[in-house]
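K.L.:
with the sequence up front, the predicted model follows.
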Amino acid sequence: MELKNRYVLAIDQGTTSSRAILFNHQGETVTLAQKTFQQYFPKPGWVEHDPNEIWYTQSSVITEAMAKADLTDEHIACIGIANQRETTIVWDRETGFPVYNAIVWQDRRTADYCEDLKAKGYASMIREKTGLVIDAYFSATKIRWILDHVKGVRERAERGELCFGTVDSWLVWKLTRGTKHITDITNASRTMLFNIHTQEWDQELLDLFQIPSSMMPEVKSCSEVYCETSTPIFKNGIPVSGMAGDQQAALFGQLCTDIGMIKTTYGTGCFMVLNTGDKPVLSQNNLLTTVAWKVGDKVTYALEGSVFVGGAVIQWLRDELGLIQSAAITEQLALSVPDNGGVYFVPALTGLGAPYWDQYARGAIIGITRGTSAAHLTRAALEGICYQVYDVLKAMESDIHTQPKEIRVDGGAIANNFLMQFQADISRCPVVRPHVLETTALGAAYLAGLAVGYWKDIEELREQWSLDRVFNAEMKQEEADVLLADWHKAVGRSLKWKAEN
Ligand code: ADP
């Protein structure tokens, strides 16, 4: 069958669900299958997944997506993987059994250890090598926790019997029935063990965290044929040829391939990523420096700001507070009042990420009066998402000394027109919503397709990007300034809340 009549299978392994999406040569979604899986919260602040459940849900959605479109192996040109980043899995090289559950990126169990590392003065060395701030978010301290707390594991690791991997590594291991132990450079750059300048695992960091180098996967680019599948899901071997962490994949899927282009994903959290070209920019404003992708020999870098609670605050209004029936209703509710009624909602439910990095901040709703209604509270929650994204945008502008031309957006919450308009209003920057909403999966598909010649080059892909709607600033600057000043006052009240009690 001619290559361009086939399909690219994108695996999008996320924090709450596993998805499989088939794209055609025009970059259009042909079918999608999705399964959620169990979240384990063994203690406050701990978040785990079962690695086998990740694989079972992932493999079953692959089969389902192919069956839905009535496709067989012969129709699949290649496979691309995008995955939740930083989540840490350690498994036995012989048996393939995980030694412990996956410790998820949101897990805070190593927060005190991170504070200790900061107090000992490791922050600047780690930042220079890895581009990251010391935080429990990244994989290094999670690996160390497993080595130190699961019986017998350190000895087995030192004997070379164990493998570490982020979810991309784990999926490739399973797709190849335990013959390939690899990761890609974007996932590697989120472990806090990878030197983004030399593009190698850093021995000094491995020593600091007491992690045997034999555990580490081989680091590959984002677009090359890594292997062929040998899992019984497929009758024949299919090339696996694209891999990137979910945010980097979304940047690529949005075709932010030129220096200075920005995308923001509005999902559970919000993630803003800026393409900084072939030079890593070390942030003066607490943003992360990370690898955007490596295609061929060329490494592209990015600046990233993560907001921990974005759309999750809407889930909280719905599930914990019972204030709303559905996420979709928030748009109508917010527009039913002329303004926020003086209410500000700082959604620091799990601390604050960039640019504050305060793990002791807690959520605050302030400015409530007798006249405050559910609509005001809902509006304040939506505005709170936008203010956080604004703070990250300002940090980026200050690091690169320019203003971006536009922000491309994706993720579940961008369906909300109020949210998009308010973002444009306070940011004074056009917010651009594309047609294809599955940009993370599309990015993985693009990376995979480029490697096997399914698509010729990035130019060809650029023609596929199409616009749904642009939101331009309509609010007066003075009005935005007043809102922002009050927001920052509210943030001040939420910072270090837990540490002070
Ligand atoms: P993830 O990939 O992080 O699981 P998604 O990209 O699927 O997240 O987006 C889901 C998030 O978006 C949820 O947190 C949900 O509360 C929020 N969301 C979905 N629709 C809306 C909406 N219309 N308005 C505001 N938030 C929304």
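P.N.:
Now that the structure is in, tell me what you want to look at. Residues are numbered from 1 along each chain as shown.

K.L.:
ok, now which ones touch whichever residue of the stretch 401-501 of the chain sits closest to the ligand?
P.N.:
For the stretch 401-501 of the chain and the ligand, the shortest gap (C-beta to the nearest ligand atom) falls at Gly412, measuring 2.2 Å. All C-beta spots, glycine's among them, are computed from the backbone N, C-alpha and C. Gly412 makes contact with Tyr266, Gly267, Gly311, Ala327, according to C-beta atoms under 8 Å, 6 or more residues apart in numbering.

K.L.:
do that again at 10 Å, thanks
P.N.:
Gly412 makes contacts with Thr265, Tyr266, Gly267, Thr268, Gly310, Gly311, Ile314, Ala327, Leu437, as judged by C-beta atoms under 10 Å, 6 or more residues apart in numbering.

K.L.:
is Glu161 in contact with Phe97, as I believe?
P.N.:
No: in this structure Glu161 lies outside contact range of Phe97 using C-beta atoms under 10 Å: 11.1 Å.

K.L.:
who touches both of those two?
P.N.:
Taking C-beta under 10 Å, 6+ apart as the criterion, Glu161 and Phe97 both touch Trp91.

K.L.:
which of these two has more neighbours?
P.N.:
Using other C-beta atoms under 10 Å, the more surrounded residue of Glu161 and Phe97 is Glu161, with 18 against 9.

K.L.:
quick check: nearest residue in space to the more buried one, chain neighbours excluded?
P.N.:
Excluding its sequence neighbours, the residue lying closest to Glu161 (C-beta to C-beta, 6 or more residues apart in numbering) is Arg93, at 5.7 Å.

K.L.:
now swap in Thr300 and tell me
P.N.:
Leaving aside its sequence neighbours, Thr300 sits nearest to Ala292 (C-beta to C-beta, 6+ apart; 4.3 Å).

K.L.:
you'd agree Val432 is in a helix?
P.N.:
No: counting by DSSP: H, G, I helix; E, B strand; the rest coil, Val432 is not part of a helix but strand.

K.L.:
pLDDT (mean, whole number) over stretch 334-350?
P.N.:
Stretch 334-350 shows a mean pLDDT of 95 in the predicted model.

K.L.:
return the residues of the stretch 151-300 of the chain in contact with the ligand.
P.N.:
When proximity is defined as C-beta under 6 Å from any ligand atom, the stretch 151-300 of the chain approaches the ligand at Gly267, Thr268.

K.L.:
how about the residue in the stretch 151-300 of the chain that the ligand sits nearest to, what does it touch?
P.N.:
With C-beta to the nearest ligand atom as the measure, Gly267 is the residue of the stretch 151-300 of the chain nearest to the ligand, at 2.8 Å. Gly267 makes contact with 14-16, 246-247, 250, 310-312, 410-414, 440 under the criterion C-beta under 10 Å, 6+ apart.

K.L.:
longest helix anywhere in the protein?
P.N.:
helix 374-400 (DSSP state H).

K.L.:
whether that one contacts the ligand - can you check?
P.N.:
No: Helix 374-400 is not in contact with the ligand by C-beta under 6 Å from any ligand atom; minimum separation 6.6 Å.

K.L.:
any idea how far Ala380 is from Phe422?
P.N.:
11 Å (C-beta to C-beta, to the nearest Å).

K.L.:
which neighbours do those two share?
P.N.:
Joint contacts of Phe422 and Ala380 (C-beta under 10 Å, 6+ apart) are Ala334, Asn340, Tyr387.

K.L.:
make CSV out of those residues and add neighbour count.
P.N.:
Below are these laid out as CSV (neighbours: other C-beta atoms under 10 Å):
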residue, neighbour count
Ala334, 23
Asn340, 25
Tyr387, 26
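
K.L.:
nearest to Thr300, of those residues?
P.N.:
Tyr387 (29.3 Å; C-beta to C-beta).

K.L.:
does the closest one touch Ala490 like I think?
P.N.:
Yes: if you go by C-beta under 10 Å, Tyr387 and Ala490 touch, sitting 8.7 Å apart.

K.L.:
shared neighbours of these two, which are they?
P.N.:
Contact with both Tyr387 and Ala490 is made by residues Tyr344, Phe345, Val346, Ala380, according to C-beta under 10 Å, 6+ apart.
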